[in-house]
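K.L.:
Sharing a sequence plus its predicted fold:
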Amino acid sequence: MASSTMTSSPSPRPPRPNLAFRRLRGQRSPGEFAAAVRRAAREIGERVSCDARYVGRVEAGEIRCPNYAYERVFLHMFPGRTLTDLGFSPRSSVRGRGAREADEEPPAHTTSLTRTTGETEGACETYETKQNPHDPHDPHDLYDPHDPHKHHEQNHEESDVQRRAFMTGGTATMAAATLGPFAGTFGGTAEAADRDVHRVGTSEAGALEEAVRRIRLLDDRHGADGLYRRAAAPLRTAYELLDAGTTRQRTADRLYAGAGELAISVGWLAHDSGRFDDARSHYAEALATARMSGDPGLEAHAFCNTAFLARDAGRPREAVRAAQAAQRAARPLGSSRLLSLLALREAGGWAGLADRAECERALVRAQALFERGPSESDPEWMTFYGEAELEGLEAQCWSTLGDWPRAARHARRAAHLQDPHFTRNIALYTAELADDLARGGRPDEAAVAGLRVLDLLGEVQSSRIQTMLAATARVLLPHRRASGVSAFLERHASLPRTA
């Protein structure tokens, strides 16, 4: 009888797609348009973290009115237009009690969160797995009411909108010579649209997987600089393949996994070449693909790289949270080596927070998991993770904590253990060693290590390594009268400056 007194809540009204905004994007992919938004923000002194997922939500109509920062950026990008011209609702209609009564009520679990931006929903960069929603009492929770890029529920309709938005890139010809047959699988979006869906099958899935392997191989040998822009075209093609469809679920799963892994690989190339905003956008694409396809392995990988990026971008608490989310996703997979790597990602975040005790606990856990050995459950993308990488990542933790002698010991061991195939990593670990020695008061040894890195730069192009060398050179400058240091500084000064 009690049930007769209950009233059912009205069904939420589905959002209306913002077609005007979609037309303004034109032929640019969501990621390319997001980059244009960030550039426009910098031009007027604003700071926004726009990515492809945010663009997808705007176009889906889920963001009915942007916050004030985005409003200023959009009006700067499209002078002479109003928010209404851009397809948004007037701010007065989406704020206040009257707007809430006229529109759908927010989900029950968000009623305690204060929205101060005037933005109905932000883009999602969730550092919680689906089983762990936002906890307002957790001091490490990433929710920020002023950040339009956080929300707390995975929306499957949003994922479908994002998937479709990712398909609208341009042609895919730039990387054909370097990246093999996949770049030429489709000539462009028009050809993809006309292709019979029954012809998207195992051959395309195999070509996509091979493109991912080829990118990783080239990065291992030569570094990210020069590869990033060429790899973006196959990524657009990958999402065109998803849009073309397939009749077999197994093939569809391979396509989703391949597209997500390719997004992570392209994101890593952006990350390693210093394009942090682009990397963040690509990692978000991969996470959306993982969530939409229910792929915990891809989700763990996306969170793993997001944690690494957050550490490098100076957001250590975000690094910790993303690494913890990755571990939750990875636990059912049965790979101790994967959990070991994710513990190291967490340790890097704790080091950035100067929490030595938590960092050491994560390092001990990483070592114990690593010692369990490899297994058939280890992901294919983890071929780089061996004892050398374990030592190298631990060296970075101790370096961040300012323990230079300990960092140098681990960096030296990492460079010694590294497989010669991974030329980039040898250069990276040796650059880490040079910097740790320089900061630890051993300039002559630092210069020797620095010269070894310079010898490798003919084969490796990595902005990360060049940035590390530049920092080492600054530390060694007061010791320039020493012969070994002088030789390093002169050679370093003669390097061509990258744009």
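P.N.:
Now that the structure is in, tell me what you want to look at. Numbers count the residues shown, from 1 in each chain.

K.L.:
for the lengthiest helix in the chain, which positions count as buried?
P.N.:
Ranked by residue count and defined by DSSP state H, the top helix of the chain is helix 249-272. Buried residues in helix 249-272, counting neighbours by 16 or more other Cβ atoms under 10 Å, are found at 251-252, 254-272. Bear in mind the C-beta positions are built from the backbone N, C-alpha and C, glycine included.

K.L.:
any idea how far the residue nearest to Leu19 when sequence neighbours are not counted lies from Ala41?
P.N.:
Spatial nearest neighbour of Leu19, chain neighbours left out: Gly87 (6.6 Å); criterion: Cβ to Cβ, 6 or more residues apart in numbering. Counting by Cβ to Cβ, to the nearest Å, the gap from Gly87 to Ala41 is 19 Å.

K.L.:
Kindly report the same for Val460.
P.N.:
From Val460 to Ala41 the distance is 33 Å (Cβ to Cβ).

K.L.:
now Ser377
P.N.:
For Ser377, the distance to Ala41 - Cβ to Cβ - is 43 Å.

K.L.:
more crowded one of the two?
P.N.:
Ala41 (21 against 14; other Cβ atoms under 10 Å).

K.L.:
Can you list the helices and strands that the helix or strand encompassing that one packs against?
P.N.:
Here Ala41, judged by DSSP states H and E, is contained in helix 30-43. With contacts taken as 3 or more Cβ pairs under 8 Å, 6 or more residues apart in numbering; DSSP states H and E, helix 30-43 sits against helix 52-60, helix 68-77, helix 156-166, helix 276-293.

K.L.:
how much does that helix deviate in direction from helix 249-272?
P.N.:
30 degrees (axes from the mean of the first three to the mean of the last three Cα atoms, to 10 degrees).

K.L.:
give me every residue that touches the residue nearest to Leu19.
P.N.:
Contacts for Gly87 (Cβ atoms under 8 Å, 6 or more residues apart in numbering) come out as 18-22.

K.L.:
Mark which of those are buried, thanks.
P.N.:
The neighbour count (16+ other Cβ under 10 Å) marks 18, 21-22 as buried among the contacts of Gly87.

K.L.:
three-state assignment of Val460?
P.N.:
coil (DSSP: H, G, I helix; E, B strand; the rest coil).

K.L.:
which regions of the chain sit below the pLDDT cut-off?
P.N.:
Applying pLDDT under 70 to the chain flags the ranges 1-13, 92-235, 237-239, 241-247, 497-499.

K.L.:
Now do the strands in it.
P.N.:
Using DSSP state E, the chain contains no strands.

K.L.:
what number of residues lie near Pro17?
P.N.:
Using other Cβ under 10 Å: Pro17 sits among 15 other residues.

K.L.:
For it, grab phi and psi.
P.N.:
Main-chain torsions, Pro17, degrees, to the nearest 10: phi -60, psi 140.

K.L.:
how about the residue nearest to it when sequence neighbours are not counted, what does it touch?
P.N.:
Nearest residue to Pro17, sequence neighbours excluded (Cβ to Cβ, 6+ apart): Gly61, at 5.0 Å. Shown in contact with Gly61 (Cβ under 8 Å, 6+ apart): 15-18.

K.L.:
Specify which member of those residues is nearest to Ala34.
P.N.:
Asn18 (15.0 Å; Cβ to Cβ).

K.L.:
Chain neighbours aside, what residue packs nearest to the closest one?
P.N.:
Here the residue nearest Asn18, using Cβ to Cβ, 6+ apart, is Gly87, at 3.9 Å.

K.L.:
for Pro90, same thing?
P.N.:
Thr84 (6.6 Å).

K.L.:
Look up how far Leu338 lies from the one you found.
P.N.:
On the measure of Cβ to Cβ, Thr84 and Leu338 end up 49 Å apart.

K.L.:
Looking at these two, which is more packed in?
P.N.:
Taking neighbours as other Cβ under 10 Å, Thr84 and Leu338 compare with Leu338 leading, 27 against 10.

K.L.:
In contact with that one: list those residues for me.
P.N.:
300, 330, 377-379, 382.

K.L.:
at 7 Å instead, please
P.N.:
300, 330, 378-379, 382 (Cβ atoms under 7 Å, 6 or more residues apart in numbering).

K.L.:
which two in the residues you listed are spaced the farthest apart?
P.N.:
Every pair of the contacts of Leu338 checked by Cβ to Cβ; the farthest is Ala300 and Asp378, at 11.9 Å.

K.L.:
The two: which is more packed in?
P.N.:
The neighbour count for Ala300 versus Asp378, taken as other Cβ under 10 Å, is higher for Ala300 (26 against 18).

K.L.:
got a list of what the residue nearest to Ala427 when sequence neighbours are not counted touches?
P.N.:
Sequence neighbours aside, Leu456 is the residue nearest to Ala427 in space, at 4.2 Å (criterion: Cβ to Cβ, 6+ apart). When contacts are counted by Cβ under 7 Å, 6+ apart, Leu456 touches 423, 426-427.

K.L.:
can you rerun that using 8 Å?
P.N.:
Contacts of Leu456 were listed using Cβ under 8 Å, 6+ apart, and they are 423, 426-427, 430.
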